[in-house]
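Peer 1: Provided below for reference: sequence and predicted model.
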Amino acid sequence: MTCRLLPLLLALGLAACGERATTPTAASTPSKPSTPASAKPAAATPPDREHPQLQIELVDGARYDLTQHRGKWVVVNFWATWCGPCLKEMPELSTLAQRGDVDVIGLAYEDITKADMQAFLKTHTPSYPIAILDTFNPPRDFDAPQGLPMTVVVAPDGHVAKKFLGPVTLAAIDEVVKGSKG
């Protein structure tokens, strides 16, 4: 009996080691994207997303419209409350927002209620506006994050100057802003 089961178990074991033939559906979205170890430029922006639009309700109830910030640099930061690197970069993004030469908006990419986010923001107090995104329907002009944090730097004319996947520093953002001025 053992001799008959051995080939069957071996075949099942080999089949389990092979690549999966199925592909994920469009509706299947991971609840927590993986977090890369360091910031690196993301893939090139498709032409139809070079001048992204973003109109969204903020956690405080106000409305945010990216086009109202033309003429200034804008940092759009995709993050989540459970993301350690996201929380670590929050103070630097707050410093950037307080400087006044660059606007910052945080887009929480997670399934969280407005009340839970408001409670979170009582202990973590960024100096820039926060909105909660629908993870199944992210803003059409921005790529859904493949990991968090993801930061998009939008130039004063509204085009995407740079995308970072992973934690970003104030120095890296300044390099984009100052490098484009010269």
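Peer 2: The structure has been received and is ready for your questions.
Peer 1: quick one: end-to-end distance for stretch 135-142.
Peer 2: Using Cα to Cα, to the nearest Å, the end-to-end distance of stretch 135-142 comes to 12 Å.
Peer 1: buried set for that stretch?
Peer 2: Using 16 or more other Cβ atoms under 10 Å as the burial criterion, the residues of stretch 135-142 that qualify are Thr135, Pro138, Pro139, Asp141, Phe142. The way it works is simple: take the backbone N, C-alpha and C, and place the C-beta from them, glycine included.
Peer 1: read off the pLDDT value for the closest residue to the second one other than its chain neighbours.
Peer 2: Ranked by Cβ to Cβ, 6 or more residues apart in numbering and with sequence neighbours excluded, the top spatial neighbour of Pro138 is Ala144, at 4.7 Å. Per-residue confidence at Ala144 stands at 88 (pLDDT).
Peer 1: let me see the contact set for Gln55.
Peer 2: By Cβ atoms under 8 Å, 6 or more residues apart in numbering, Gln55 lies in contact with Arg63, Tyr64, Asp65, Leu66.
Peer 1: only whichever of those are buried, select them in PyMOL.
Peer 2: Here is the PyMOL selection string for the buried members of the contacts of Gln55, based on 16+ other Cβ under 10 Å:
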select buried, resi 64+66
